[in-house]
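Chemist: With the sequence up front, the predicted model follows.
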Amino acid sequence: QVQLVESGGGLVQAGGSLRLSCAASGSVFSSYNMGWYRQAPGKEREFVATITRSGVTTNYADSVKGRFTISRDNADNAKTTVFLQMNDLKPEDTAIYYCNTVPAVWTWGQGTQVTVSS
């Protein structure tokens with residue numbers, strides 16, 4: 001059974017930074033491309049960033065390009081950790097952030113709330 005646990009969210013002022021983490025256990029996750037998604041109040045969940053299983057290639061939504069950086073730690077095949085470094089945060093980045101495979105195939109975790117005040 002795959003379990004996704006996101007952490008690292010919080011309240012930050014515009015221009016600030018946060019680093020999100022996503023731990024996954026229960027399968028060989030190093031075989032999957034992984035990504036971060038977010039859902040703002042009243043909006044659909046949207047793609048934020050993705051990283052290939054090797055960690056070599058990344059891709060970002062235009063709205064976060066140049067501000068967010070996705071990375072992963074595949075050192076332990078029994079556990080994969082995916083990170084999202086978020087810099088120069090803006091109020092429009094306020095959302096619940098989730099991780100999952102790309103495309104998303106696992107049950108969604110609880111997510112982690114990011115709130116950016118102006």
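Modeler: Cool, the structure landed.
Chemist: drop to CA atoms for contacts and neighbour counts, all remaining ones
Modeler: Will do.
Chemist: which residue is nearest the centroid of this structure?
Modeler: A centroid search over the chain (Cα atoms, centre = their mean) returns Trp36, at 3.1 Å, as the residue closest to the centre.
Chemist: how close does it get to Ser54?
Modeler: Distance, Trp36 to Ser54, using Cα to Cα, to the nearest Å: 16 Å.
Chemist: Lowest-scoring secondary structure element of this structure by mean pLDDT?
Modeler: strand 68-76 (a mean of 85; mean pLDDT, DSSP states H and E).
Chemist: That strand pairs with which strands?
Modeler: strand 79-86 (antiparallel) (DSSP bridges).
Chemist: which residues are contacting whatever helix or strand comes next after the strand it pairs with?
Modeler: With elements assigned by DSSP states H and E, the helix or strand that comes after strand 79-86 is strand 95-101. Outside strand 95-101, the residues that touch it by Cα atoms under 8 Å, 6 or more residues apart in numbering are 4, 6, 22, 32-41, 82, 106, 108-115.
Chemist: quick one on the thing from earlier: enumerate the positions of the host helix or strand of the residue nearest to the centre of the chain that are buried.
Modeler: In this assignment (DSSP H and E), Trp36 forms part of strand 34-39. For strand 34-39, a neighbour-count test (16 or more other Cα atoms under 10 Å) marks Met34, Gly35, Trp36, Tyr37, Arg38, Gln39 as buried.
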